[in-house]
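Peer 1: predicted model and sequence below, questions to follow.
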Amino acid sequence: MNIQELANSKGVELLAFYNNVALCDRKHGVHPFVTWRYNEDGFFWGHYANTKENAEIEFKERIAAR
């Protein structure tokens, strides 16, 4: 299963993917945006954000740290 198929199966919109970090919109909840690490087993270690802007900052920090 590729990254887009995995996001679709989780019911989230994949906004960006780089360096095994995904930025997704869950479209619900208090913190609808999330960055997840990704490996062959799927998504893990999620960091949730209440705004897209905060999630994008987190995404950039996580990909820079890899």
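Peer 2: On my side now, so go ahead. Numbers count the residues shown, from 1 in each chain.

Peer 1: from here on, contacts and neighbour counts on C-alpha atoms
Peer 2: Fine.

Peer 1: okay, helices next: where are they in the protein?
Peer 2: 3-10, 52-64 (DSSP state H).

Peer 1: can I get those in TSV including mean pLDDT?
Peer 2: Formatted as TSV, the helices of the chain follow (pLDDT from 0 to 100):
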stretch	mean pLDDT
helix 3-10	94
helix 52-64	97
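
Peer 1: what's the most buried one of these?
Peer 2: Among the helices of the chain, ranked by average contacts under mean count of other C-alpha atoms under 10 Å, first place goes to helix 52-64 (a mean of 16).

Peer 1: who's in contact with that one?
Peer 2: Residues outside helix 52-64 that contact it (C-alpha atoms under 8 Å, 6 or more residues apart in numbering): Y18, N19, N20, V21, A22, L23, F33, V34, T35, H47, Y48, A49.

Peer 1: out of those residues, which are inside strands?
Peer 2: Among those, DSSP state E puts Y18, V21, A22, L23, F33, V34, T35, H47, Y48, A49 in strands.

Peer 1: which residues touch the last one?
Peer 2: Contacts were defined as C-alpha under 8 Å, 6+ apart; by that measure A49 touches H31, P32, F33, V34, A55.

Peer 1: how does it look with 10 Å?
Peer 2: Counting by C-alpha atoms under 10 Å, 6 or more residues apart in numbering, A49 touches D25, V30, H31, P32, F33, V34, T35, A55, E56, I57, E58.
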